[in-house]
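just a sequence and a predicted model for now, questions to come.
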Amino acid sequence: MRFRAAVLHSYESPFTVEEVVLRAEPAAGEILVEIAGTGMCRTDLAVRRSAGRSPVPAVLGHEGAGVVVCTGGGPDAAIGVGDHVVLSFDSCGHCRTCRGAAPAYCESFATLNLFGGRTEEPPRLTDATGKALAPRWFGQSSFAHYALVEARNAVRVDPALPLELLGPLGCGCLTGAGAVLNTFGAGPGDTLAVFGAGAVGLTAVMAATAAGVPTVAVDRHPDRLAMAERFGATPLPAASPGLPERIRRLTDGGVQYALDTTASPPLINSALQALRPTGSLGLVARLHTPLTLEPGTLDRGRSIRHICEGDAVPGVLIPRLIGLWQAGRFPFGELIRTYPLAGINEAERDCDAGRVVKPVLVPERTSR
């Protein structure tokens, strides 16, 4: 099967939209999805800085949504041809954490999602000359017209919904909202500080507002702070003098929960200092430098942990977020700007420059 996809040939090169070849039909438990739209996530762009750990050439993209055009059947074939689906991350389904309803902590997560996919499989995706492309980034490789995925990674959604906009629910929105609703279990009586008002941070603000949690949003960009305020947060510039003290004054002694999306050691220390006793800080971004904690930041029962994919079971959280969105309480669509797949390099530039919060690439549809 031949179709067009955005290929990253090297860590320094732009994406090239070209013909690729899928050399396999769906096996048992797999589905072939025609992509209606796919979000561009910071994790996709971080491949350029992965120091060779993520293989190229590759088709990236892991916030896809689309229509099932073919299935491989199998005992768990709950998704059929014509179903509209949101795609999420890959997981093995049989390790201890997967069986414990924690697929984001699958023992094979890095192998399946970041470092080469299912290595037991022969190359399935190649360029037009037959050169192998790295398999199924985050179980998807959805910067393309089609994606071959595990059915367990797909969540069926109402076909009346605007499918091309739903892909970010599979990662960025899942991570931000899941941190608030799942990891923290935040609700009325709690308080939250969100450091970094990008897609993950802003969807955390939305989820907190929906849950009745007063929130302070910290960022260095005035326009992002304005968006956070519109979604219900109290805005606070990252350069504010005495940042932790200001947060404590705004929240009657400190926040119960803090979420850092920046991986900035100074801001992480500020987040810890802004916590009330027994408060918890969650980190969602990969650290690129050593993290040195200032004395006293972990005193009085405070804790810190990493959060992957919002501690979510996608089939549970994605329908919940759609329900909140339909009720007008999770307006993630306001973060989105759409681009044609051929405009992927423009989308990357706009994302890097902060001109857009969540780019969504929309391939030209071929079957509808």
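Arrived safely, thanks for sending.

just the pLDDT for the residue nearest to residue 314 when sequence neighbours are not counted.
Once flanking residues are discounted, residue 314 sits nearest to residue 88: 3.8 Å by CB to CB, 6 or more residues apart in numbering. Where you see a C-beta, it was placed from the backbone N, CA and C, and this is true even at glycine. Note for residue 88: predicted pLDDT of 97.

quick one: residue 88 from residue 318, how far?
As for residue 88, its distance to residue 318 is 7 Å (criterion: CB to CB, to the nearest Å).

repeat that for residue 148.
Residue 148 is 20 Å from residue 318, where distance means CB to CB.

cool, and residue 233?
Distance of residue 233 to residue 318, computed by CB to CB: 23 Å.

of those two, which one has the most company?
For the pair residue 233 and residue 318, the greater number of neighbours falls to residue 233 (28 against 25), based on other CB atoms under 10 Å.

all helices for the stretch 151-300 of the chain, in order.
Counting by DSSP state H, counting those that start in this stretch, residue ranges of the helices within the stretch 151-300 of the chain are 172-178, 199-210, 222-230, 243-250, 265-273.

counting by contacts, list what the longest one packs against.
By that I understand helix 199-210. Helix 199-210 sits against helix 172-178, strand 192-195, strand 215-219, helix 222-230, helix 314-326, with contacts defined as 3 or more CB pairs under 8 Å, 6 or more residues apart in numbering; DSSP states H and E.

list the beta-bridge partners for the nearest residue to residue 226 once chain neighbours are set aside.
Spatial nearest neighbour of residue 226, excluding adjacent residues (CB to CB, 6+ apart): residue 235 at 7.1 Å. The residues listed as beta-bridge partners of residue 235 by DSSP bridges are residue 217.

hang on, residue 235 packs against residue 227?
No: look at residue 235 against residue 227 with CB atoms under 8 Å: they stay out of range, at 9.0 Å.

and these two? Which one has more around it.
Neighbours were tallied for residue 235 and for residue 227 using other CB under 10 Å; the higher tally belongs to residue 227 (21 against 18).

how deep is the nearest residue to that one once chain neighbours are set aside tucked in, by neighbour count?
Taking CB to CB, 6+ apart, and ignoring the residues beside it in sequence, residue 227 has residue 202 as its nearest neighbour in space, at 6.1 Å. As a burial measure, the neighbour count of residue 202 was computed by other CB under 10 Å and equals 30.

hang on, residue 202 packs against residue 335?
Yes: between residue 202 and residue 335 there is a contact under CB under 8 Å: 6.1 Å.

which neighbours do these two share?
Among the neighbours of residue 202, those also in contact with residue 335 (CB atoms under 8 Å, 6 or more residues apart in numbering) are 227, 357.
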